[in-house]
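Engineer: Let's see this in three dimensions:
(chains A and B)
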Amino acid sequence: MRVRVAPSPTGDPHVGTAYQALVNLAFARSRGGVFVLRIEDTDRARSSLESEAAILDALRWLGLDWDEGPYRQSERLDLHRSEVDRLLAAGSAYRCFCTRERLDEMRRENRARQRFPGYDRRCRGLSSEESARRAAAGEEHVVRVAMPTEGECVMQDLLRGEIRREWELIDDQVILKADGYPTYHLACTVDDHAMGISHVIRGEEWINSLPKHLRLYQALGYEPPTFCHLPLLRNNDANRSKLSKRRNPTSITWFRDAGFLPQALLNFLGLIVSSRAEGEEKFSFDQLADGFRFEDISLGGPVFDLDKLRWLNARYLREDHDAAGLADLVREWSMGRERLAAIAALAQPRLETLGDWGRLTNFLFVDAPEVERAKLAVKGLEEAQVAEVLQFMLWTLEREQEFTADVIQGHFRRLSEALGLSLRDLTRPFYVAMSGQTASLPLFQSMEILGPDLVRARTRRAIDALGGISGKRTKKLQKRFEAVRAAS
RNA sequence: GUCCCCAUCGUCUAGCCAGGUCAGGACUCCAGCCUUUCAAGCUGGCAACACGGGUUCGAAUCCCGUUGGGGACGCCA
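Structural biologist: The predicted structure follows:
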């Protein structure tokens, strides 16, 4: 029995990845199986080594260690390409020379006519001679799978049982991009087979792609594994969309930085996977793995309840540590040597006695400071406008990979110019959002020390403190934001 | 829009597959006890089977429909 988790290194280590890793690992441990880690980095533009490192770190922090890997898909291109060639030779796949413009146009039309927006299969009829000739001539193309055009795809999901879908509703999916990299569908299928994965346990968002994968298994002559689609973690707001960093802290590093214990987070995720009828809700990974059963997973999308996590975390804090142990924990969390030195550098010029330290640096040692609405005010701006400014910066920072004081300062300068606002006025509400106070340690350096996760969470809190921004308003704002961004 | 998945307290859920208990537990909230304060702890309380049909002596549980929510529809994963 072999399972895997296959995150894509395109952003912060997501708590959903931890959730899936947890289920896979628990299943593996309960049956003496092997747990494989595979990095899905076939998106050359968005994948980064930093993100990959952060994911490995986060999984290790949680104690979700892998038995094999990490494998990188980008290092397995020869295999992927040769399998594509095999499909091409067998006529199960074909080259497509359609331009992106034509595809966009076609999708727009189909959507407007409320039809299935898939590819119209224009290139599927090309003769193999013409196809080979144009490819040899260097014409840009992708490779698509030829899907069956009639009948029904009958799938088995471990949690849901049988699922049926008309084949004609399945698109001729691209499996090899113009840049020569495989898409998820191909790479995942080929690698799962090559790595002997017996159970594919992944998020529910893949359920619609299962027919494509099944077709690939068949065309490649592979025996398909057992598939199991886990419900998606949801946001805690009204619409309950799938958990996103837009609205909630989703990064595993945020949980670490905000002072949660890895055991508590893991336990919390485990509670979603396998909740006890009654009795003890605090349990270790080993206990979870011990009694692991797929039947215990409920199919409704669970809302991530931070309050319950805090309660669990509190229990770990006081039940699993004595006072001395807790002191070690706090020191480790808040005063890593490097971090402490950075804070000292900011505090030193503002310190009269060591006793000032607490007052001055307190905000760097809490998960979130209290923010008074009145303190967020900026002279000459409405509250709503202040909220918008905060939102603009939040969007800017969400895209920023390099979270250093200099880079952050650059963003503030540009935004102040673009909005015609003095840097002083622009930064004022951010001092309050970050520290809870109008007078505080230097903003940009403080933000660097806090790190992207806490900065984003605090900015969001400040926006909420000002009454928030409605969904409608957000859309309009986003347009203006793009305009401002383009201009600056 | 089309297709797929899902539906028990505000939240996580037990019960459903093998119909028959005041629908159970936990978080949150409220009250009381304990206590130098606050937490913690203890005790108690508020709170749910989305709706409509069917099958049945009997439906949260089985079937159908409606509604609601989510997901997918990319040369992203």
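Engineer: all contacts plus neighbour counts: C-alpha atoms, from now on.
Structural biologist: Fine.
Engineer: List the contacts of A:L397.
Structural biologist: A:I408, A:P452, A:R456 (CA atoms under 8 Å, 6 or more residues apart in numbering).
Engineer: Can you get me a residue count around the second one?
Structural biologist: Think A:P452. 22 (other CA atoms under 10 Å).
Engineer: picking that back up, which ones, among the contacts of A:L397, also lie beside RNA strand B?
Structural biologist: With CA under 7 Å from any atom of the strand as the criterion, the contacts of A:L397 include none near RNA strand B.
Engineer: Now do the contacts for A:F285.
Structural biologist: Shown in contact with A:F285 (CA under 8 Å, 6+ apart): A:A26, A:L266, A:N267, A:G270.
Engineer: any chance of these in JSON lines, with secondary structure, pLDDT and neighbour count too?
Structural biologist: Shown next, in JSON lines, are these (DSSP: H, G, I helix; E, B strand; the rest coil; pLDDT from 0 to 100; neighbours: other CA atoms under 10 Å):
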{"residue": "A:A26", "secondary structure": "helix", "pLDDT": "95", "neighbour count": "26"}
{"residue": "A:L266", "secondary structure": "helix", "pLDDT": "96", "neighbour count": "22"}
{"residue": "A:N267", "secondary structure": "helix", "pLDDT": "95", "neighbour count": "23"}
{"residue": "A:G270", "secondary structure": "helix", "pLDDT": "93", "neighbour count": "24"}
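Engineer: now, among those, which is nearest to RNA strand B?
Structural biologist: The shortest gap between RNA strand B and any of those belongs to A:G270, at 8.7 Å (CA to the nearest atom of the strand).
Engineer: Go ahead and confirm A:E370 touches A:G436.
Structural biologist: Yes: counting by CA atoms under 8 Å, A:G436 is a contact partner of A:E370 at 5.7 Å.
Engineer: more crowded one of these two?
Structural biologist: Taking other CA under 10 Å, A:E370 and A:G436 do not tie; A:G436 has more neighbours (23 against 17).
Engineer: Could you look up the SS state of the nearest residue to the more buried one once chain neighbours are set aside?
Structural biologist: Of all residues not flanking A:G436 in the chain, A:V371 sits nearest, at 4.9 Å (CA to CA, 6 or more residues apart in numbering). Three-state assignment for A:V371 (DSSP: H, G, I helix; E, B strand; the rest coil): coil.
Engineer: Can you get me a residue count around A:V371?
Structural biologist: If you count neighbours by other CA under 10 Å, A:V371 ends up with 19.
Engineer: I'd like to know how far it sits from A:L306.
Structural biologist: Computed as CA to CA, to the nearest Å, the A:V371 to A:L306 distance reads 19 Å.
Engineer: Could I get the contacts of A:F285 in a markdown table, plus columns for distance to RNA strand B?
Structural biologist: A markdown table is the format used below for the contacts of A:F285 (distance: CA to the nearest atom of the strand, whole Å):
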| residue | distance to RNA strand B |
| --- | --- |
| A:A26 | 16 |
| A:L266 | 13 |
| A:N267 | 11 |
| A:G270 | 9 |
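Engineer: List the residues that contact A:P13.
Structural biologist: A:P13 neighbours (CA under 8 Å, 6+ apart): A:S51, A:A54, A:I55, A:A58, A:S251, A:I252, A:T253.
Engineer: Please name the nearest non-neighbouring residue to it.
Structural biologist: Per CA to CA, 6+ apart, closest to A:P13 is A:I55, 4.8 Å.
Engineer: same check, this time on A:E204
Structural biologist: For A:E204, ignoring the flanking residues on the chain, the nearest one in space by CA to CA, 6+ apart is A:H229 at 4.7 Å.
Engineer: From the chain's centroid, how far away is the host helix or strand of the one you found?
Structural biologist: Assessed by DSSP states H and E, A:H229 sits inside strand A:226-230. In terms of CA atoms, centre = their mean, to the nearest Å, the centre of strand A:226-230 is set 20 Å apart from its chain centre.
Engineer: Just the C-alphas of it, formatted as PDB.
Structural biologist: What follows is strand A:226-230, C-alpha atoms only, in PDB (Å, rounded to 0.1, in the frame of the first residue of the first chain):
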ATOM      1  CA  THR A 226      -8.200   3.500  -5.700                       C
ATOM      2  CA  PHE A 227      -9.400   7.100  -5.700                       C
ATOM      3  CA  CYS A 228     -10.600   9.000  -2.600                       C
ATOM      4  CA  HIS A 229     -11.600  12.600  -2.700                       C
ATOM      5  CA  LEU A 230     -11.600  14.500   0.500                       C
END
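Engineer: Does that strand reach RNA strand B?
Structural biologist: No: using CA under 7 Å from any atom of the strand, we find that strand A:226-230 stays clear of RNA strand B, coming within 8.4 Å at best.
Engineer: helices or strands up against the lowest-mean-pLDDT helix or strand in chain A?
Structural biologist: The helix or strand of chain A with the lowest confidence, counting by mean pLDDT, DSSP states H and E, is helix A:471-487 at a mean of 76. Packing partners of helix A:471-487 (3 or more CA pairs under 8 Å, 6 or more residues apart in numbering; DSSP states H and E): helix A:405-419.
Engineer: So which bits of the helix it packs on are buried?
Structural biologist: Judged by neighbour count using 16 or more other CA atoms under 10 Å, the buried positions of helix A:405-419 are A:A405, A:V407, A:I408, A:Q409, A:H411, A:F412, A:R413, A:R414, A:L415, A:S416.
Engineer: for stretch A:361-369, same thing?
Structural biologist: The neighbour-count criterion (16+ other CA under 10 Å) identifies A:T361, A:F363, A:L364, A:F365, A:D367, A:A368, A:P369 as the buried residues of stretch A:361-369.
Engineer: what does that stretch rub up against?
Structural biologist: A:257-259, A:334, A:343, A:347, A:433-436, A:441, A:446, A:449-450, A:454, A:458.
Engineer: Output the contacts of A:F285 as JSON lines; include the columns distance to A:E400.
Structural biologist: As requested, these are exported to JSON lines (distance: CA to CA, whole Å):
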{"residue": "A:A26", "distance to A:E400": "35"}
{"residue": "A:L266", "distance to A:E400": "28"}
{"residue": "A:N267", "distance to A:E400": "31"}
{"residue": "A:G270", "distance to A:E400": "32"}
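Engineer: Cool, thanks, signing off.
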